[in-house]
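> predicted structure and sequence below. I'll ask about it afterward.
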Amino acid sequence: MIVLRFFFVLPLHAQAQPGPDTLGRSTPRGAVVGFLTAAHKGDWTTAEQYLSGAKGEDPAELSRQLSVVLDQGLPANLDGLSDQPEGKLKDTLRPEEELAGIISTSGGPLRVTLERVHRGSQAVWLFSPGTLKEIPAVYDEFNSAWISEYIPHPLLRRGWLGVPLWQWLVLLLGVALALFAAVAMRKIALPILRRLFRSLTDEQDERLLDRLTGPLRGLISLLVLEATISFLRLPLFAREAWYYSGGGLAIVLGGWFFVRLIDVLGRLLLRSVERRGGADATAVIRLCERTLSVLTFGVVVVLLLKGIGLIKDVSTLLAGLGVGGIAIALAAQKTLENLFGGISIIFDRTIRVGDYCRIGDQKGSVEDIGLRSTSLRTDANTVLTVPNSKLSAMDVENFGMRQKIYFHHTIGIRRETTAPQIRALLAALRQLLAADSQVDPTFYVRFIRFGPSSLDLEIAAYILTTDSLKFLDVQEDLLLRIMDTIEAIGAATAFPSQTLYLGRDKPPTAGSPPPAEPSH
């Protein structure tokens, strides 16, 4: 894009501007560009054609002085100059007057203006007499001709963009210095970054921090080149080329650094959150990381397009993006539902990664809470994926949030067990549970009913653990000890039983004699 700007804008400096005037003076921009192009070639006869009413001054000398002042003093961005033959009609100046730029001098600001005059049948833009009158007074402030006394004459010749050859050589030295600064920056940046991120990093994170040194080295190199160009006080065309190319590189490198910084901070935060057991927040961190990266990329693209002139009004673009965003939101309604459903699940903390829970009729461990869906590793070792929009509206039973696990059993004792044995068994079972440190004190053991084939005892207690595997171990031990206690009092567990009558007659009623034995 920088190259596009360079080829679309800068060639105007060397080509004739559209219009009837062969010198390009039909527009304010064409007048400034044409004058400097002629001055850089040393064609002072042509350069004089851009001056208006230079009375009492040598036109060639005045042209040379004006070129020096413009080259050193005008802002590098010439976008403010109009490309229209009428100039800017909405400014506060007279219709036939145009402001080319304001130059800061020790005596105050110098307003460089152009005026539109008629040369025969043509209307052309020339540097105004008021501006030309001020040039000799400020020339010495911008003149660096004394340097030419110490430089060989062949190196004083102007090359591409009007830059003398000796300045090109100094620029090459500046590039070499920038590369050296980039190499040195890597060794300097790591200790500084380690100190800045010491609360989040450890010894193994140096490679992660090293990802930031790439864009940092590019930015440092750019600063060294900027300092070199500012020191050399290059001609206007060269400064304008650097304004666009260097500005574009600064935007790209700044965006690159910001994206890398987001990536590094995201990874460090993810590690820190995972170490603290907050794995459910990882999806939010990833969402923020991706969103900021996409926004950064969008800002970089908009700035580059604005820099090459393809975007004039950023507010209009933002309004268009807003309308487009509404259309996209309507088209991606389900996706947005899942997104906000995932965010609500994460912030409500109804389930977390690693929790064992029941979703619908499926049980399993939560493997991942994403921005679109949640994954559950079921007891059958399959993966159940549930869209977040549905999950947020479902009944979810989270076993992972238990503070203790419920131990509940009904034990049937044989019907021939006596009441004293039942009393002794109840007391023994209560003593057994009370003596176990892994059983919550709020337990109960009760004789609850006469079952069809058993005397039923209910045991209810909480095991002080949230680990399902540990609970199974404790439960197994308790059940075995309960069996030992039942056997110790001379009782036994009951088996389901029923009476089957094989005779053809009805079963005997109370008080009736038993049926006669069949004869053999």
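Perfect, thanks for sending it.

> going by C-alpha atoms from here, please, whenever you check contacts or count neighbours.
Fine.

> in stretch 456-468, what's buried?
Neighbour-count burial for stretch 456-468 flags 456-459, 461-465 (criterion: 16 or more other CA atoms under 10 Å).

> report all helices and strands that the lengthiest helix in the chain contacts.
Longest helix of the chain, by residue count under DSSP state H: helix 236-275. Packed against helix 236-275 by the contact rule (3 or more CA pairs under 8 Å, 6 or more residues apart in numbering; DSSP states H and E) you find helix 2-9, helix 59-73, helix 213-232, helix 282-307.

> ok, then the element right after the shortest one?
Sequence-wise, the next helix or strand beyond helix 2-9 is helix 28-40, with elements assigned using DSSP states H and E.

> ranges for the strands of the protein?
Secondary structure of the chain (DSSP state E): strands at 97-105, 108-119, 122-127, 356-359, 362-369, 373-378, 383-387, 396-398, 405-413, 444-450, 455-463.

> so can I have a markdown table of those strands showing distance to Leu236 and mean pLDDT?
Formatted as a markdown table, those follow (distance: least, CA to CA, whole Å; pLDDT from 0 to 100):
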| stretch | distance to Leu236 | mean pLDDT |
| --- | --- | --- |
| strand 97-105 | 12 | 85 |
| strand 108-119 | 14 | 86 |
| strand 122-127 | 17 | 87 |
| strand 356-359 | 70 | 86 |
| strand 362-369 | 57 | 84 |
| strand 373-378 | 58 | 86 |
| strand 383-387 | 60 | 86 |
| strand 396-398 | 70 | 83 |
| strand 405-413 | 80 | 93 |
| strand 444-450 | 94 | 93 |
| strand 455-463 | 83 | 94 |
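
> could you identify which of those strands is most buried?
Comparing these by mean neighbour count (mean count of other CA atoms under 10 Å), strand 122-127 ranks first with a mean of 23.

> for that one, packing partners?
Going by 3+ CA pairs under 8 Å, 6+ apart, strand 122-127 lies up against helix 28-40, strand 108-119.

> neighbouring strands - and their directions - for the last one?
Next to strand 108-119 in the sheet, as set by DSSP bridges, lie strand 97-105 (antiparallel), strand 122-127 (antiparallel).

> flag every buried residue along stretch 85-99.
For stretch 85-99, by 16+ other CA under 10 Å, it's 85-88, 97-99.

> distance from the chain centre to that stretch, please.
The chain centre lies 45 Å from the centre of stretch 85-99; the measure is CA atoms, centre = their mean, to the nearest Å.

> send me it as PDB with only the CA atoms.
Provided in PDB are the C-alpha atoms of stretch 85-99 (Å, rounded to 0.1, in the frame of the first residue of the first chain):
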ATOM      1  CA  PRO A  85      -7.800  24.600 -11.100                       C
ATOM      2  CA  GLU A  86     -10.000  26.800  -8.900                       C
ATOM      3  CA  GLY A  87      -8.100  25.800  -5.800                       C
ATOM      4  CA  LYS A  88      -9.900  25.500  -2.500                       C
ATOM      5  CA  LEU A  89     -13.100  27.600  -2.600                       C
ATOM      6  CA  LYS A  90     -14.200  26.800   1.000                       C
ATOM      7  CA  ASP A  91     -11.200  28.400   2.800                       C
ATOM      8  CA  THR A  92     -11.100  32.000   4.100                       C
ATOM      9  CA  LEU A  93      -8.700  33.300   1.400                       C
ATOM     10  CA  ARG A  94      -9.700  35.200  -1.700                       C
ATOM     11  CA  PRO A  95     -10.800  32.900  -4.600                       C
ATOM     12  CA  GLU A  96      -7.600  33.700  -6.500                       C
ATOM     13  CA  GLU A  97      -5.400  33.000  -3.600                       C
ATOM     14  CA  GLU A  98      -4.200  29.600  -2.200                       C
ATOM     15  CA  LEU A  99      -2.200  28.700   0.900                       C
END
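
> contacting residues around it?
Identification of contacts with stretch 85-99 by CA atoms under 8 Å, 6 or more residues apart in numbering yields 26-28, 81-82, 111-117.

> now with 10 Å, please.
Stretch 85-99 has contacts (CA atoms under 10 Å, 6 or more residues apart in numbering) with 18-19, 25-30, 80-82, 111-117, 123-128.

> any idea how far Gly34 lies from Leu126?
11 Å (CA to CA, to the nearest Å).

> re the thing from before, between the buried residues of stretch 456-468, which is nearest Thr378?
Thr465 (22.0 Å; CA to CA).
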